[in-house]
Structures are given as C-alpha cells and as structure tokens.
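Peer 1: Provided below for reference: sequence and predicted model.
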Amino acid sequence: MKKLENRVAVITGGSRGIGKGIAAAFAREGADIVFSYQKNKAAADQTAQELEALGVRALGIQADAGSEEDVINMAKIIEQEFGHVNILVNNAGTIGLEVPIAEMETAEWDKVINTDLRGVFLSCKHFIPLFEKGGSAPVGKIINISSELSKKGRACYGHYAAAKGAINSFTMCLALELAPKILVNIVAPGPVETDMILADMEPEWVEKEKDIPLQRLGTVEEIGAAALLLASDDGNFFCGQFVSPNGGAVFF
C-alpha cells in the first residue's frame, strides 16, 4: 500500500516550483491533490494532467492565498468535490523585492506579509474544519513552508524573513492547539533550484547561492521528500518541528 493512499492533500501555490514538487511526491504515494494557483491557468492545467497521470485525482483552483474570499471559496469546492482534507501544505508565497527597510514602500511590505503570513493563517482557519474525523481517520498533517532565512535573516529581505519567522512561531502555537489529532510542522528549504529563481535571478546571484557546503542548489524533489516524511505515517512523531533541507547553508 502506498504511504498516502486514500488521503486528500491540499497544497497552496502548487502549480510550479516547490509546491509542484511536493504535489508530485504526494501523488506518487497515492494522495489525491488539490492545489491553488494565482494566475497561470495553462500551467495549472498542465500540472493537474501530470498528477493525474500518476493515478490520482488532481484539481487546480485559482485563488489568492491572501484573499479570505478566495480561500473560503476554495474550501467550499474541496468539501463538495472531496468531502474532507487529510494534509495541508501552506506553500504559497512570494519573496518580494530586494530593498533596504528605510527605502521599502509600505505597499511592498504589505504584499509580502499578506501572501506569506496572512495566507497561512487563512488557509489554516478555513481548511482545519475540513480535516477528516473519526476513529479510522489517519493523523492529520499541516506543513508550513518557511525558509532558512527565518533563522539567519538577509539584508534587504526584511519583509520576507519577518513573514517566515512569524510562520515559525505560528506553527508552534498551532501544533500545541491541534495535537495529537493534527500534527503541525515546518519545512524550511535552503537555496532551491526552481523555474522562478532561474528565470528571475541573475546568473551571478544563482552561483552565489551555491556557496554552501554541498556546493549546489537543492531540488524540488528533495524538498518533496522532506514533506512526504512529515505527511506520511513515518512522520507521526514530529510535532512543532523545524525541518530544514538546506545543503548546510545554515546549521540549527
């Protein structure tokens, strides 16, 4: 039997990058997948097709992670189509612009906090009531995607690091509220090779990110493997933990 068979996983921002890597890892282990995407319907449809080719149900829903109206609508669709949730991965996020705090526009700060932090709160608020209940239900899992920068910081990314640091604290609070029926943990990736990074960042920046003990960027498959550990029954003794696959970029 596959590790996530007969389970429903919801992944915010799951049409590309790390979210898509996690969705694929879960689908290969039998989970039906619901994922949100913000704008690119063609990419979302392609992702859904790739996931369904693995033998599971897959549904992409357009939703802004920071919009309560969108999140409520997504929860209604999930309840109608799947009936319940077993796994929630709060992955949707944005890194924002590289700007010193004294020069940062308030709107830029608000945009990052809205997506990266408020989005996690909203999806937890509206998806937790959908978690499968009953004696035969598997242990529920919530995985919040943070970052190594939540611990070590980075100049000119104060909005992003602050949002991710707040996610860490929020995760610990939620873990205490929901255990033992739902276990809440963090996956905090280090530098990872995604289509967004390769498209948006200068080659010099990418090479600088490789200046870590493993001398390379991580892959979305490696982040997916960490998420799979926590999402499956193999992770049933993890609660409120900070799991950071980062290639030695920072030690905790």
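Peer 2: Now that the structure is in, tell me what you want to look at.

Peer 1: Tell me where this protein has strands.
Peer 2: Using DSSP state E, the strands of the chain run over 8-11, 32-37, 58-62, 87-90, 140-145, 182-187, 242-243.

Peer 1: quick one, helices of the chain?
Peer 2: 17-28, 41-52, 68-82, 106-113, 119-127, 149-152, 158-178, 195-200, 203-209, 220-231 (DSSP state H).

Peer 1: Kindly export the third one (C-alpha atoms) in PDB.
Peer 2: So that's helix 68-82. C-alpha atoms of helix 68-82 as PDB (Å, rounded to 0.1, in the frame of the first residue of the first chain):
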ATOM      1  CA  GLU A  68     -10.200  35.400   2.500                       C
ATOM      2  CA  GLU A  69     -13.000  35.300  -0.100                       C
ATOM      3  CA  ASP A  70     -10.800  33.100  -2.400                       C
ATOM      4  CA  VAL A  71      -9.800  30.800   0.400                       C
ATOM      5  CA  ILE A  72     -13.400  30.400   1.600                       C
ATOM      6  CA  ASN A  73     -14.400  29.600  -2.000                       C
ATOM      7  CA  MET A  74     -11.600  27.100  -2.300                       C
ATOM      8  CA  ALA A  75     -12.700  25.400   1.000                       C
ATOM      9  CA  LYS A  76     -16.300  25.100  -0.400                       C
ATOM     10  CA  ILE A  77     -15.000  23.400  -3.600                       C
ATOM     11  CA  ILE A  78     -12.800  21.000  -1.700                       C
ATOM     12  CA  GLU A  79     -15.700  20.000   0.600                       C
ATOM     13  CA  GLN A  80     -18.000  19.500  -2.400                       C
ATOM     14  CA  GLU A  81     -15.500  17.500  -4.500                       C
ATOM     15  CA  PHE A  82     -13.500  15.600  -1.900                       C
END
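
Peer 1: So which elements touch it?
Peer 2: Helix 68-82 sits against strand 8-11, strand 32-37, strand 58-62, helix 119-127, with contacts defined as 3 or more C-beta pairs under 8 Å, 6 or more residues apart in numbering; DSSP states H and E. For every residue, glycine as well, the C-beta is placed using N, CA and C.

Peer 1: Give me the sheet partners of the shortest one and which way each runs.
Peer 2: By that I understand strand 8-11. The partner list of strand 8-11 in its sheet, established with DSSP bridges, is strand 32-37 (parallel), strand 87-90 (parallel).

Peer 1: With just CA atoms, put it into PDB.
Peer 2: Once side chains and other backbone atoms are set aside, the C-alpha atoms of strand 8-11 remain, and they are given as PDB (Å, rounded to 0.1, in the frame of the first residue of the first chain):
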ATOM      1  CA  VAL A   8      -6.500  14.200   0.300                       C
ATOM      2  CA  ALA A   9      -3.700  16.700   0.200                       C
ATOM      3  CA  VAL A  10      -4.200  20.500  -0.200                       C
ATOM      4  CA  ILE A  11      -1.200  22.400  -1.400                       C
END
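
Peer 1: Distance from that strand to the middle of the chain?
Peer 2: Centroid displacement of strand 8-11 relative to its chain, using C-alpha atoms, centre = their mean, to the nearest Å, is 10 Å.

Peer 1: Can you give me the distance of the closest residue in space to residue 248 that isn't next to it in sequence to residue 241?
Peer 2: Distances taken as C-beta to C-beta, 6 or more residues apart in numbering place residue 213 nearest to residue 248, at 3.2 Å, with adjacent residues excluded. Distance check for residue 213 against residue 241: by C-beta to C-beta, to the nearest Å, it reads 22 Å.

Peer 1: So the two - more neighbours on which side?
Peer 2: For the pair residue 213 and residue 241, the greater number of neighbours falls to residue 241 (17 against 10), based on other C-beta atoms under 10 Å.

Peer 1: got any ranges where the chain has weak pLDDT?
Peer 2: Low-confidence regions of the chain, defined here as pLDDT under 70, cover residues 195-202, 205.

Peer 1: Backbone dihedrals for the residue nearest to the spatial centre of it, please?
Peer 2: Ranked by distance to the mean C-alpha position of the chain (C-alpha atoms, centre = their mean), the top residue is residue 91 at 2.0 Å. Dihedral angles phi and psi of residue 91 (degrees, to the nearest 10) take the values phi -110, psi -30.
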